[in-house]
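**Q** model the structure of this input:
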Amino acid sequence: MKLIPIPAFNDNYIWMLHDGHRALVVDPGDAQPVLAALTQHELTLDSILVTHHHGDHTGGVDVLRQRTGAQVYGPATEDMPEPLRRLVNGDVITLLGLRLEVLLVPGHTTGHIAYWGQVPGADPVLFCGDTLFSAGCGRLFEGTPAQMLASLTRLAALPDATRVCCAHEYTLGSLRFALAVEPDNADLLAYQKHAQALRQQLLPTLPSSIGLEKAVNPFLRTHLPSLVHAVQQIDPNAHDPVAVFAALRTWKDKF
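**A** Below you'll find the predicted structure:
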C-alpha cells in the first residue's frame, strides 16, 4: 500500500492510499488533483473518505463520484454531499483490504470523524482531517475545549508508530507557536530544523507520527507541569485540564 499526499489549494493535502490498482482518497476538496493522480498512477478510485463538512474537504466529492463511481463515506451528523454511507463512532469499514476504524473526534466541528487502521507490512495510518495537525490542532469552530481535549487525548492513545495524515501543511507555523510555549524543548528544536529542510525542498512535512506529536505538540502535552506553568503565565486562572487547554488554544488563536 502506497500513501501519497496530493497538494490542493494553498496548503491542503488530499491523502491517497493505493495498492497499485485501486485507490482511496481522503477529504478531496478539489477533484482535479485527484483525477490527475489517478491518471498518473493508472489507478481506479474505489472509495472517498470525508472527515468533516468544510468545503475544502468536500468540494471535489460530487465530481469524483460522478466520474469514477467511487463509494463515499462520511460523518453521520454533518451536512455532506449525498449519496454517501454515514458513519458513527466505532464503525469499521474494510477498503482495499484495509480495516479502518471510525473515531468520533469533535472539536473543530461537532461531528468530525477520523479513520485509523493497521496497514499490512507498514505502520498504522490515521486520517485525522483538521482535528490534529503536526505540532498543532484545529480551531474550535463548532465544538468546545472539553470536546477537543477529549478528542486529542483519544488520538494520543493510538500506537506511537501511527502515521498522522493531517489535511493541511501548517507545520512550520505550528512549530513557531509550540516553541513560544516550550522554548527549551530539544525535540521541538530538532523537529523544526528537520521540517524547515523539507519545506526548503518543497517536500511535505507529513505524515507525522503519534510518538513525535506527543514529544512536540503542545496540545497533546497540556497534562505536563511545565506546560501548565507556561500557560498560566498567559492565563493565571487556568488550573484544571480543560481550562489549560482552552487558554492554550486562545493563545494560539491570537499568536
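**Q** got a pLDDT number for residue 167?
**A** Looking at residue 167, its pLDDT stands at 98.
**Q** from residue 54, how far off is it?
**A** Residue 167 sits 9 Å away from residue 54, going by Cβ to Cβ, to the nearest Å. No exception for glycine: its C-beta is placed from N, CA and C like everyone else's.
**Q** one more: residue 40?
**A** As defined by Cβ to Cβ, residue 40 lies at a distance of 27 Å from residue 54.
**Q** now do the shared contacts for residue 167 and residue 54.
**A** Each of residue 130 lies in contact with both residue 167 and residue 54 under the rule Cβ atoms under 8 Å, 6 or more residues apart in numbering.
**Q** who's more crowded, the two?
**A** Under the neighbour definition other Cβ atoms under 10 Å, residue 167 and residue 54 were set side by side, and residue 167 has more, 29 against 20.
**Q** who's in contact with the more buried one?
**A** If you count contacts by Cβ under 8 Å, 6+ apart, then residue 167 has 12-13, 15, 26-27, 51, 57, 128-130 around it.
**Q** wait, residue 252 sits on residue 133?
**A** No: the pair residue 252 / residue 133 is not scored as a contact, 10.6 Å apart, by Cβ atoms under 8 Å.
**Q** comparing these two, which residue is more hemmed in?
**A** For residue 252 versus residue 133, neighbours defined as other Cβ under 10 Å are more numerous around residue 133 (24 against 19).
**Q** what are the bridge partners for that one, then?
**A** Beta-bridge partners recorded for residue 133 (DSSP bridges): residue 136.
**Q** who are the neighbours in contact with it?
**A** Contacts of residue 133 (Cβ under 8 Å, 6+ apart): 166, 168, 170-171, 174.
**Q** I'd guess residue 172 is in a helix, am I close?
**A** Yes: Residue 172: assigned to a helix according to DSSP: H, G, I helix; E, B strand; the rest coil.
**Q** isn't it right up against residue 194?
**A** No: using Cβ under 8 Å, residue 172 is not in contact with residue 194, being 10.9 Å away.
**Q** done for today, thanks.
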